[in-house]
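Colleague: let's see this in three dimensions:
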Amino acid sequence: MHSKNRHRARGWALLLTACCLVGIWILPGMAHAQDGSMEGVPSPGNDVGDAPTSFNNFGVAMTAYPAGGPPGVLANFPVVASLPAPPSPDGYGLCHSAQSPSFLGPAPLPSKSGEQDADMAPDADGPTNIDPLTDTADRDGHDDGVAFPASLPHCSPVTIFVEGWIGVVGAAPEYYIEAWFDWNRDGDWNDGQACGCGSDEWAIQDWPVTPDPATGHFSASIPIVPCHPVSETDPLWVRVTLSAVEFSPLGAQWWAGGKPSALFCLVDGETEDYYLEPEVEFVPEPGTILLLGSGLAGLAGYATLRLSSRRTLR
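Modeller: Below is the predicted model:
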């Protein structure tokens, strides 16, 4: 009897210990998820970016510029969000819950897809966001809600238009837009001011947006001053994030478009990556203008001559 009682007491002690551990590890995570901050490791139900990164699950270098190669500037963007991939110099990729009620996009429907990770299937819209083996990025079909001007002129103010939808119950909370621009085209978003004017690479910092309490829709025209130390017409990788939390108080490890740990994601919001190829304004050379003018004059003279000939024949 004494032996049975001892075994029974030991069993209850183990059960109590297990319950305590569950309380320590799981319940705080549930509380985080409810208050809109962090949750567990990435799963097929999470949204991640689609810029290229050499810090992926395949250990294969990817190219930032030109996108897809031939080999040029190495891509060091923080994109892949979970283990066993190694962290980039700026940590792991940002991730949000794909089931969260807030997202970037013009339509009042969830315009973001869930994936295991940027380079790992399954993916809700088919192909993985990036394919390191073929050096292919920018494959997420749900990058919308952000409109850039046709050009980003050096040191001249422009506005970036952002819109989306936030699931609200009762009072509308305040959400935040972050954006990073790789101004010096070195394959990351961790540089400060790269020239004597303009924005840091973290060009939009904690810009508050408040949704319409009746519909959940929000929109904002956000000013930036582009900074191009080399060329304003070269392609450019940009990351835009909508989140329920401000990044500035999170610490420097969050300030370059990534997160410091693979063990959690931001719950509510979305991250979208863009490969911008600014339009180049055509300004003809003076000689070209003269040649074009001569050609037009010649055509006009020919047309006049033909018209005169027709009248004479009549």
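Colleague: C-alpha only now, for contacts and for neighbours.
Modeller: Noted.
Colleague: contact partners for Asn184?
Modeller: 194, 228-230 (Cα atoms under 8 Å, 6 or more residues apart in numbering).
Colleague: low-confidence stretches in the stretch 1-150 of the chain?
Modeller: Applying pLDDT under 70 to the stretch 1-150 of the chain flags the ranges 1-44.
Colleague: and the helices in it, which stretches?
Modeller: 2-25, 27-34 (DSSP state H, counting those that start in this stretch).
Colleague: what is the strand or helix carrying Val240 packed up against?
Modeller: Per DSSP states H and E: Val240 is located in strand 236-243. Counting contacts by 3 or more Cα pairs under 8 Å, 6 or more residues apart in numbering; DSSP states H and E, strand 236-243 packs against strand 175-181, strand 269-276.
Colleague: so which elements touch the shortest one?
Modeller: In this structure, strand 175-181 makes packing contacts with strand 202-209, strand 236-243, judged by 3+ Cα pairs under 8 Å, 6+ apart.
Colleague: go through the ones you listed and pick out the most buried.
Modeller: strand 236-243 (a mean of 24; mean count of other Cα atoms under 10 Å).
Colleague: what mean pLDDT does the very next helix or strand once past that strand get?
Modeller: In the C-terminal direction, the helix or strand that comes right after strand 236-243 (DSSP H and E) is strand 258-259. The pLDDT scores in strand 258-259 average 97.
Colleague: just how off-centre is the strand holding Val240 within its chain?
Modeller: On the basis of Cα atoms, centre = their mean, to the nearest Å, strand 236-243 sits 3 Å off its chain's mean C-alpha point.
Colleague: repeat for stretch 159-169
Modeller: Relative to its chain's centre, stretch 159-169 lies at 15 Å (Cα atoms, centre = their mean).
Colleague: cool, stretch 91-99 as well?
Modeller: Remark: stretch 91-99 is offset 10 Å from the chain centroid, using Cα atoms, centre = their mean.
Colleague: what residues does it touch?
Modeller: With contact meaning Cα under 8 Å, 6+ apart, stretch 91-99 is reached by 42, 45-49, 77-82, 86, 112-114, 253, 257-262, 265-271.
Colleague: take these and keep only those in strands.
Modeller: 46-48, 258-259, 265-266, 269-271 (DSSP state E).
Colleague: can you list the domains in the protein?
Modeller: For the chain, the structural domains run 1-34, 35-276, going by automatic domain parsing.
Colleague: just those: most buried one?
Modeller: Comparing the domains of the chain by mean neighbour count (mean count of other Cα under 10 Å), domain 35-276 comes out on top with a mean of 21.
Colleague: can you tell me the closest non-neighbouring residue to Asp140?
Modeller: Distances taken as Cα to Cα, 6 or more residues apart in numbering place Asn129 nearest to Asp140, at 4.9 Å, with adjacent residues excluded.
Colleague: for that neighbour, give me its contacts.
Modeller: Asn129 touches 49-50, 117-119, 137-140, counting by Cα under 8 Å, 6+ apart.
Colleague: ok, now how distant is it from Arg139?
Modeller: In this structure, Asn129 and Arg139 are 5 Å apart, going by Cα to Cα, to the nearest Å.
Colleague: any residues in contact with both of these two?
Modeller: Applying Cα under 8 Å, 6+ apart, one finds that Asn129 and Arg139 are jointly contacted by Asp50.
Colleague: can you tell me the closest non-neighbouring residue to Gly69?
Modeller: Thr63 (5.7 Å).
Colleague: please apply the same query to Val162.
Modeller: Nearest non-adjacent residue to Val162, counting by Cα to Cα, 6+ apart: Val146, 4.6 Å away.
Colleague: so Trp165 sits right up against Leu104, yeah?
Modeller: Yes - counting by Cα atoms under 8 Å, Trp165 does reach Leu104; the two are 6.5 Å apart.
Colleague: one step back: could you give the bridge partners of the residue nearest to Gly69?
Modeller: Beta-bridge pairing for Thr63 (DSSP bridges): Leu74.
Colleague: Phe103 now?
Modeller: Beta-bridge pairing of Phe103 under DSSP bridges involves Trp165.
Colleague: circling back to that earlier point, residues in contact with the strand holding Val240?
Modeller: Residues contacting strand 236-243 (Cα under 8 Å, 6+ apart): 51, 64, 103-104, 175-183, 185, 257, 266, 268-277.
Colleague: strand partners (parallel or antiparallel) of it?
Modeller: Within its sheet, strand 236-243 is paired with strand 175-181 (antiparallel), strand 269-276 (antiparallel), according to DSSP bridges.
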